[in-house]
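please find the sequence and the predicted model below.
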Amino acid sequence: MNRLGLQAAGLLPLILLLWQPIPSRALDHDNLDPNRPIGMEDAYAIPKGEIGLEGGVRFNDRREGRTQVTFQPQIIYGAFDNTQIEIQGDLFTDPRSIAGANKSGDLHLGVLYNFNTETLTLPAMALRVEVDLPTGVNSKGVDTQLTGILTRSFGRLRVHLNAGYTVLSSPQGQERPGAYRAVAAVSYPLGYPSSFRDTLIASIYTRQSDLRGQQHHTGIEVGIRHQLTSRLVVDGGLGTEFLGPSERAALLGTMGLSVGF
Amino acid sequence: MPSGPDLHRLTIVASALVALAFALTACSQFEPRDKRFYYRALWNFSLREDLAELDSEFNGVDFGHSNLYENLLLTGAKDVTAIEERARKETLAFIATRPRLNPNEEAIAPTYMKLAWRAQNTFDEAHALHRATYDIVVSDEPDKDRAIRDVLAYYRNSAYAITSKRLDHRRLDQFPYSKAFRTRFPLFNATIWSYHYLQVAVYDPLQAAKNLTAKTKAVRPILTTYRGYLDQPPVQWTFMPLTAEYSPAFAARYPELANIFDNLHMLHDNISDILTSERLPTWEAKREEIYRVVDHYYLASADEANPMIVRSEQEHRH
């Protein structure tokens, strides 16, 4: 792991330790959105009418090549019943010329529609449709992604399954024209019955590599979301990829903040 | 744009998902989530920020209802000790932590939420209205009447809004299973009624006090009484506290709000009885009855045909 990766890895536990409750109602820390802090989500949209501003910094300390840092600004709006729309634009540090759908500066638009709430017999189900517009560095063509999401609880433990397929309209060089991704995750509220401020999340995922002929990226991530105030949620996560191409992630780390109003 | 084969693959997946969604809508357990954000205004969180002592008590109350319902369901309401001692004391312990944020009720009652989400959403909307009115009353909002009209209009816009008409609570307390909860679990019932006392009793003192210092002082005696009730639940009470009894000025000024809150509290009692009664022996039977009661007697959308609405003053027997 290089120096930047070590510094970020050291900072994360420190921030987690320093979180202290501050007085103030509630952005829902139990509603899980992608990258906040790990690459999974639950089947629920934010409440109708809510606006969420989310931001995070993600580092990817790769086994080969330079550590990459990603800034993840995002706006989420509960536009309709059970529907959220998202506008996002990830910005990467070097190396920016990576393969895959998500390029630095691409404008990312998404819609998540939640079909139902979980009942005694049915899991909660949602569908996400996303497009990446080629506004970013070395980006060509509109990329499209479709993801199905299930959430099922067992007591307080919630299990989430995400399965998506991304289509690149203009693959470059050895880029795959399409790739699938699958995530299995669990989330659990910490502190019951005396505290309800923290949700622990863990996932295992696999996705096809960006380039043809390479091994799938397969890894695990763990994260926590903490309700800091009525309107603020902070999050942090760590992960690693144990299978994949040579430049796969040795250590992934994310820190972020969500504001709901 | 996606190439031919990939577009074809995406289309097949999307079509399958849409077909699945249509099939599921036919399922009796299929329910939309329909969560709505609270009414956005400058006075949001005024109670939390300016009168945290009272706000934390309400956060404790949120725990109490959900914790009760989950425990009634999971124990089949047969274990008196589990409810009167364990669950009630868990609630008291949570209240004692003076929680600064409202708890995540889906983490407290995951089973109940899956059983009767629509009823829970009805509670959530009414609780948000309760909170909004406290915020307005505590805030320095210059035109409180207008703010309350606005938030009431927003509430009524919800499909989950409880009727603002006066309901005949005595009749609503005469179903075959009524009083099951208070008979078997008198301590917890009196604790629930104590929450409702606190929720309605603070309005008049808060409204009468001119500034924040005065408001803080004005609610102290009520908090003292409430905490006394938590220590020694008022088991001698035979009916839930009503807004007009404890905050007559508020009820006279905002009769629709008073009706909504009293109806909300009555619905809490009905659901406690349904979850307790052996007359409804299965979870499915309990769910059906909860939804029947909510749909026919409580939701504003049922006003036209609702037989529980008090149509004249003589009918009102409180």
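Good, I have the coordinates.

which SS state does residue 55 fall under?
Going with chain A. Classification of A:G55 using DSSP: H, G, I helix; E, B strand; the rest coil returns strand.

what's across from it in the sheet?
On the basis of DSSP bridges, A:G55 is bridged to A:L257.

A:A185 versus that one, what's the distance?
Distance, A:G55 to A:A185, by C-beta to C-beta, to the nearest Å: 22 Å. All C-beta spots, glycine's among them, are computed from the backbone N, C-alpha and C.

what sits against B:M240?
For B:M240, the contacting residues are B:H169, B:W193, B:H196, B:D262, B:H265, B:M266, B:D269, by C-beta atoms under 8 Å, 6 or more residues apart in numbering or on different chains.

tally up the residues packed near the residue of the stretch 201-318 of chain B found nearest chain A, please.
Of all residues in the stretch 201-318 of chain B, B:W283 sits closest to chain A, at 6.7 Å by C-beta to the nearest C-beta. Neighbours of B:W283 under the rule other C-beta atoms under 10 Å in any protein chain shown: 17.

ok, for it, nearest residue in space, not its chain neighbours?
With C-beta to C-beta, 6 or more residues apart in numbering or on different chains as the criterion, B:W283 has its nearest non-adjacent residue at 5.9 Å, and that residue is B:L115.

contacting residues for B:A208?
Counting by C-beta under 8 Å, 6+ apart, B:A208 touches B:A218, B:A249.

if we use 7 Å, what do you get?
Taking C-beta atoms under 7 Å, 6 or more residues apart in numbering or on different chains, we find B:A208 in contact with B:A218.

also the one 4 residues further on?
Under the criterion of C-beta under 7 Å, 6+ apart, the neighbours of B:L212 are B:D50.

okay, A:G55 and A:A185: which has more neighbours?
More crowded of A:G55 and A:A185, by other C-beta under 10 Å: A:A185, with 24 against 15.

tell me the secondary structure at that one.
A:A185 - assigned by three-state DSSP - is strand.

that one contacts A:E41, correct?
No - using C-beta atoms under 7 Å, A:A185 is not in contact with A:E41, being 8.5 Å away.

ok, A:S170 touching A:V142?
No - with contacts counted by C-beta under 7 Å, A:S170 stays clear of A:V142, the gap being 8.3 Å.

joint contacts of these two?
Counting by C-beta under 7 Å, 6+ apart, no residue touches both A:S170 and A:V142.

and the closest residue to B:P205 other than its chain neighbours, what is it in contact with?
Nearest non-adjacent residue to B:P205, counting by C-beta to C-beta, 6+ apart: B:A218, 3.8 Å away. B:A218 makes contacts with B:P205, B:L206, B:A208, B:A209, as judged by C-beta under 7 Å, 6+ apart.

drop anything exposed from the residues you listed.
B:P205, B:L206, B:A209 (16 or more other C-beta atoms under 10 Å in any protein chain shown).

near chain B, which residues of the stretch 51-200 of chain A? Just list them.
A:78, A:81-82, A:114-122, A:127, A:142, A:144, A:146, A:148, A:153, A:155-156, A:165, A:167, A:169, A:177-178, A:189, A:192-194, A:196-197 (C-beta under 7 Å from any C-beta of the partner chain).

okay, now the unreliable bits of the chain?
By default, I'm working from chain A. Scanning chain A for pLDDT under 70 picks out A:1-29, A:95-101.

meant chain B actually
Ranges of chain B meeting pLDDT under 70: B:1-27, B:313-318.

which residues touch B:N44?
If a contact means C-beta under 7 Å, 6+ apart, then B:N44 has B:D135 as its contacts.

what helix or strand does it sit in?
Counting by DSSP states H and E, B:N44 is held by no secondary-structure element, helix or strand.

got phi/psi on it?
phi -50, psi 140 (degrees, to the nearest 10).

could you report the distance from it to A:R158?
Here the criterion is C-beta to C-beta. By it, B:N44 lies 28 Å from A:R158.

for A:Y205, which non-adjacent residue is closest in space?
A:V183 (4.3 Å).

wait, the one you found sits on A:N162?
Yes - contact criterion C-beta under 7 Å: A:V183 and A:N162 qualify, at 4.2 Å.

hey, what's in contact with both of the two?
A:M40.

that's a strand at A:T240, yeah?
Yes - assessed by three-state DSSP, A:T240 belongs to a strand.

beta partners for it?
Here A:T240 sits in beta bridges with A:I220, going by DSSP bridges.

got a list of what it touches?
Applying C-beta under 7 Å, 6+ apart, one finds that A:T240 lies in contact with A:G219, A:I220, A:A249, A:A250, A:L251, A:L252.

surely the first one meets A:A250?
It stands for A:G219. No - judged on C-beta under 7 Å, A:G219 makes no contact with A:A250 at a distance of 10.1 Å.

more neighbours: these two, which one.
Using other C-beta under 10 Å as the criterion, A:G219 and A:A250 rank with A:G219 on top: 20 against 17.

now the buried ones among the contacts of B:A218 in a markdown table, with secondary structure?
Formatted as a markdown table, the buried ones among the contacts of B:A218 follow (three-state DSSP):
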| residue | secondary structure |
| --- | --- |
| B:P205 | helix |
| B:L206 | helix |
| B:A209 | coil |
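
using JSON lines, lay out these together with distance to B:V293.
What follows is these, written out as JSON lines (distance: C-beta to C-beta, whole Å):
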{"residue": "B:P205", "distance to B:V293": "33"}
{"residue": "B:L206", "distance to B:V293": "32"}
{"residue": "B:A209", "distance to B:V293": "38"}
